[in-house]
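S.K.: predicted model, plus sequence, below.
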Amino acid sequence: MMIPACRLEDLPRGEAHRLDIDPPVSVFHTDDGELFAIDDTCTHQDASLADGWLEGCEVECPLHASKFDLRTGAVDAPPAKLPVRTHEVVVEDGMIYVRLSTDAPNLPPCISARLAGGPA
């Protein structure tokens, strides 16, 4: 499924755009002009990666400084241990679209418990 994110001209280099879907996804526009989409929630604890710091092809979580590779979703710095999902980005007629991965997301324990009906 392809979801419209935003117009390319509305996402400056070095910035991110968060899609409020479940689970949230963010599109990152690197300083080099590349576009990447990953799950927005850090796999360690509930924090928005769109609020983090973008450097090259990595984003640093604003909460505990875990780093994720935007190309692969891999964790490059703890305390997170699990990767985030990556999603395909397509640009058509100046519009950024995200084609969502069919893989299961790696959500932090507090969100997984809440979705399972346990305490948050």
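M.R.: Looks like it arrived, so ask away.
S.K.: which residue ranges of the protein form strands?
M.R.: With strands called from DSSP state E, the chain shows them at 2-7, 15-19, 25-29, 35-39, 53-55, 58-60, 67-69, 75-77, 86-92, 95-99.
S.K.: do you know which of the ones you listed lies nearest residue 111?
M.R.: strand 35-39 (10.8 Å; C-beta to C-beta). All C-beta spots, glycine's among them, are computed from the backbone N, C-alpha and C.
S.K.: which one of the strands of the chain lies closest to residue 107?
M.R.: strand 35-39 (8.1 Å).
S.K.: tell me what angle the closest one forms with strand 86-92.
M.R.: 140 degrees (axes from the mean of the first three to the mean of the last three C-alpha atoms, to 10 degrees).
S.K.: what is strand 35-39 packed up against?
M.R.: On a contact count with 3 or more C-beta pairs under 8 Å, 6 or more residues apart in numbering; DSSP states H and E, strand 35-39 meets strand 25-29, strand 86-92.
S.K.: neighbouring strands for the shortest one, and are they parallel or not?
M.R.: According to DSSP bridges, strand 25-29 forms sheet pairs with strand 15-19 (antiparallel), strand 35-39 (antiparallel).
S.K.: ok, residues contacting it?
M.R.: The contact list for strand 25-29, computed with C-beta atoms under 8 Å, 6 or more residues apart in numbering, reads 3, 5-6, 11-19, 35-40, 48-50, 54, 59, 70, 87, 89, 96, 98, 100.
S.K.: filter the residues you listed down to the buried ones and hand me the ChimeraX line.
M.R.: To isolate the buried ones among these in ChimeraX, judged by 16 or more other C-beta atoms under 10 Å, type:
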select :5,11,16,17,18,19,35,36,37,38,39,40,48,49,50,54,59,70,87,89,96,98,100
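S.K.: for the closest residue to residue 72 other than its chain neighbours, name its beta-bridge partners.
M.R.: What sits nearest to residue 72 in space, not counting adjacent residues and going by C-beta to C-beta, 6 or more residues apart in numbering, is residue 86, at 6.6 Å. For residue 86, the beta-bridge partners are residue 38 (DSSP bridges).
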